[in-house]
Every structure is written in structure tokens, then in C-alpha cells.
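Colleague: Test case, fold it:
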Amino acid sequence: MGRPELTGLVLCGGSSLRMGSDKAALPLAGRTLLERAAATFEGIAVETLLACGASPRYGELGLPLVLDRSPGAGPLSGLEAGLARARTDWVAALACDMPRAAPEAFLALEDRAIEGGFDLCLLVTDKGVEPLFAVYRRTCLEPVRAALAAGERRIIAFHPFPTAAGRPLRIGTLDERELPVALAARGVARNVNTPAELSAELASRSAS
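Modeller: Take a look at the predicted model:
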């Protein structure tokens with residue numbers, strides 16, 4: 001039996017306040033951060049969606065856009081839009097500011113989720129759990145909607161809410177150190193939120 005199909009979801013609807021400009025559109029070694037994020041899903045996803053916020057943006061990339069139904073609720077609203085639109089049972093979610101993301105890491109997350117019977121599986125790094133580098137089953141949709149209806153905004157706020165079937169969500173994790181050595185050393189979930197972090201990433205690539 002083959003691996004279940006994935007939908008890629010790039011979360012790119014943020015205001016980029018710490019960066020000072022739209023970080024999704026910032027160039028890094030010839031491609032924008034958003035282009036790099038979307039490319040992560042090439043070859044592993046049947047479709048890649050852009051959760052671009054409350055208004056259409058980035059249509060020039062030719063990828064389907066999903067709009068927030070709860071404007072102002074941050075990435076939780078983007079996750080809801082992606083889960084609602086996805087035609088597959090599994091959605092791989094990635095923030096647009098993680099330029100080191102690798103498709104193999106998402107496949108490992110999906111494998112862990114399926115093996116463990118989880119509804120979602122989150123990557124864990126030395127900084128903690130990364131809900132914007134994770135896979136979500138569509139069983140998460142009703143809990144996400146319930147959290148939004150309750151006025152929640154945190155991306156993990158839906159975890160205590162039950163599924164449509166009335167059972168608790170089953171939540172799994174994958175420690176980054178469990179990935180192949182090359183991926184673990186790469187720091188696949190490292191993000192760039194500030195101009196200094198972007199400069200450091202550019203310097204790192206130049207050095208290597």
C-alpha cells in the first residue's frame with residue numbers, strides 16, 4: 001500500500017512586522033522565500049496551496065490561493081482555509097520563512113503520523129515544537145474551526161478540541177534528531193524573521 005497523498009500548504013499571510021517588509025517576497029539566492037517554500041512540495045504533494053491571508057496575494061506564482069475566513073486570526077485561520085480546500089486526507093503545512101525545509105522531512109512526519117495513528121504530527125527542534133512545520137489530517141478541521149469560533153488565535157489552540165466524531169485529537173511528534181544526519185544538521189525548520197536573520201542565512205549559504 002502506497003503512502004497517502006499529500007497537499008502542500010504554504011502559510012504566507014503574515015504581516016512581517018519584524019522583517020519590516022513582506023518577507024515572502026524577499027530574495028534568497030535567486031528565489032524568493034515563498035518560491036523556496038512552495039518548491040519544497042514539488043514531487044511529494046499533489047497540489048500546493050498558498051494561505052495568503054484575507055486578500056489574494058502572490059497570484060503570479062500560478063498556485064491556488066486559499067483565503068482566511070477569520071481575518072486577524074493568524075496562521076490558525078490559514079490552516080483552516082487549507083484544510084477546508086484540500087482534496088487529500090493529509091496536509092503538510094510550512095511557514096514561508098523556513099528556507100531550509102526539505103521534502104524528506106515532511107514525508108518522515110507523514111510516516112510517523114500514519115504509523116502512530118495520529119491526526120497531526122509536529123516537528124520538534126531544540127527550540128521546541130514547530131506547528132508550522134507539520135502534517136495535519138483533515139480530522140483537524142472541525143477542532144480548528146471550533147477554536148476559531150471560540151476566539152482563539154494560537155496555532156496550537158485547537159489541540160484540546162474534539163474531532164467531528166467527538167474523540168480527542170491524537171497528536172504526535174517527530175524529533176529533528178530522528179531525521180537522517182544530513183537533514184538534522186541542516187536545521188530544516190530554521191526560520192528568518194528579521195533582516196539580521198536573513199543576512200545570516202545569506203552568509204551561511206555563501207560560506208558553504
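Colleague: buried ones in stretch 76-92?
Modeller: Buried residues in stretch 76-92, defined by neighbour count with 16 or more other Cβ atoms under 10 Å: 76-83, 85-86, 88, 90-92. To be clear about C-beta, it is placed using only N, CA and C from the backbone, and glycine gets the same treatment.
Colleague: Give me the subset of those residues lying in helices.
Modeller: Leu76, Ser77, Gly78, Leu79, Glu80, Ala81, Gly82, Leu83, Arg85 (DSSP state H).
Colleague: between the buried residues of stretch 76-92, which is closest to Gly30?
Modeller: Relative to Gly30, the closest of the buried residues of stretch 76-92 is Ala92; by Cβ to Cβ it sits at 23.9 Å.
Colleague: give me the number of residues near the residue lying closest to that closest one once chain neighbours are set aside?
Modeller: Excluding the flanking residues, the one nearest Ala92 by Cβ to Cβ, 6 or more residues apart in numbering is Phe106, at 4.5 Å. Phe106 has 26 neighbouring residues, counting by other Cβ atoms under 10 Å.
Colleague: In a helix, Phe106, correct?
Modeller: Yes. Checked against DSSP: H, G, I helix; E, B strand; the rest coil, Phe106 lies within a helix.
Colleague: just checking, it touches Arg3?
Modeller: No. At 10.9 Å, Phe106 does not count as touching Arg3 under the criterion of Cβ atoms under 8 Å.
Colleague: how close does Glu35 get to Ile155?
Modeller: Note on Glu35: its distance to Ile155, by Cβ to Cβ, to the nearest Å, is 23 Å.
Colleague: Show me which of those two is the more surrounded one.
Modeller: Ile155 (24 against 18).
Colleague: Just to be sure, that one is in a helix?
Modeller: No. Read with three-state DSSP, Ile155 is coil and lies in no helix.
Colleague: On the three-state scheme, Leu49 is what?
Modeller: strand.
Colleague: That one: neighbour count?
Modeller: 25.
Colleague: circling back: now the buried residues of stretch 76-92 as JSON lines including distance to Phe41 and pLDDT?
Modeller: Output for the buried residues of stretch 76-92, formatted as JSON lines (distance: Cβ to Cβ, whole Å; pLDDT from 0 to 100):
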{"residue": "Leu76", "distance to Phe41": "21", "pLDDT": "96"}
{"residue": "Ser77", "distance to Phe41": "20", "pLDDT": "96"}
{"residue": "Gly78", "distance to Phe41": "15", "pLDDT": "96"}
{"residue": "Leu79", "distance to Phe41": "16", "pLDDT": "98"}
{"residue": "Glu80", "distance to Phe41": "19", "pLDDT": "97"}
{"residue": "Ala81", "distance to Phe41": "16", "pLDDT": "97"}
{"residue": "Gly82", "distance to Phe41": "12", "pLDDT": "98"}
{"residue": "Leu83", "distance to Phe41": "16", "pLDDT": "98"}
{"residue": "Arg85", "distance to Phe41": "15", "pLDDT": "98"}
{"residue": "Ala86", "distance to Phe41": "12", "pLDDT": "98"}
{"residue": "Thr88", "distance to Phe41": "12", "pLDDT": "98"}
{"residue": "Trp90", "distance to Phe41": "12", "pLDDT": "98"}
{"residue": "Val91", "distance to Phe41": "10", "pLDDT": "98"}
{"residue": "Ala92", "distance to Phe41": "7", "pLDDT": "98"}
